[in-house]
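In: How does the following fold in three dimensions:
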Amino acid sequence: MNRRLVVGTMVMAAAMLAGQAASAEVAVPAPLHAIYSHVKLVSFNVRNDTKEPIKVKAGDTEVTLQPGKLVPMKLEVGVKIVAEETTPSFAAGAVLSVVSTDLSDATLALK
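Out: Predicted coordinates:
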C-alpha cells in the first residue's frame, strides 16, 4: 500500500512538471515569435503607361519608372507604392497600389 502511494505521488509530480513545461512554451514573449514569423514577398512587374517618368516610393526604396518600361519588383505584402512627385497623371503622395498576393506574377500598369 505504501509503495502504491509513492509511485502515485511520483506519477503526479511528473504530470505536474510536464504541465508546467507545456504552459511555459505558451508564455514565450511576442517579439520572439516575430523573429520566426515568415514575411510574405510578392513578385510582380510595374509598367509606366504614361508619357512622363513617374517617381515612386515602394517601402523604403525610390524608383523612377520610365515611360513604357517594365520594372520587376519583389515587395512584402502590405507595402504601399506611392507617387513621390506630381505628374500629369498622379498627385504627389497618391497611393498607387498596396502590395497583396493578388499581384503575384502580374503586371501593374500605371495609366
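In: rest of the way, CA atoms for contacts and neighbours
Out: Will do.
In: residues in contact with Leu96?
Out: By Cα atoms under 8 Å, 6 or more residues apart in numbering, Leu96 lies in contact with Lys80, Ile81, Val82, Ala83, Leu110.
In: so which of those comes closest to Val39?
Out: Lys80 (15.5 Å; Cα to Cα).
In: That closest one bridge partners, please.
Out: Following DSSP bridges, Lys80 is listed with bridge partners Val98.
In: how much space between it and Val56?
Out: 10 Å (Cα to Cα, to the nearest Å).
In: residue ranges of the helices in this protein, please?
Out: 2-26, 30-36 (DSSP state H).
In: mean pLDDT for those: which is lowest?
Out: Set side by side, those give their lowest mean pLDDT on helix 2-26, at a mean of 47.
In: Kindly present the contacts of Leu96 as CSV, with separate columns for pLDDT and neighbour count.
Out: Rendered in CSV, the data for the contacts of Leu96 read as follows (pLDDT from 0 to 100; neighbours: other Cα atoms under 10 Å):
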residue, pLDDT, neighbour count
Lys80, 97, 20
Ile81, 97, 21
Val82, 97, 21
Ala83, 97, 23
Leu110, 96, 17
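In: Redo those residues as JSON lines? Include distance to Val63.
Out: Converted to JSON lines, the contacts of Leu96 look like this (distance: Cα to Cα, whole Å):
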{"residue": "Lys80", "distance to Val63": "13"}
{"residue": "Ile81", "distance to Val63": "10"}
{"residue": "Val82", "distance to Val63": "10"}
{"residue": "Ala83", "distance to Val63": "10"}
{"residue": "Leu110", "distance to Val63": "14"}
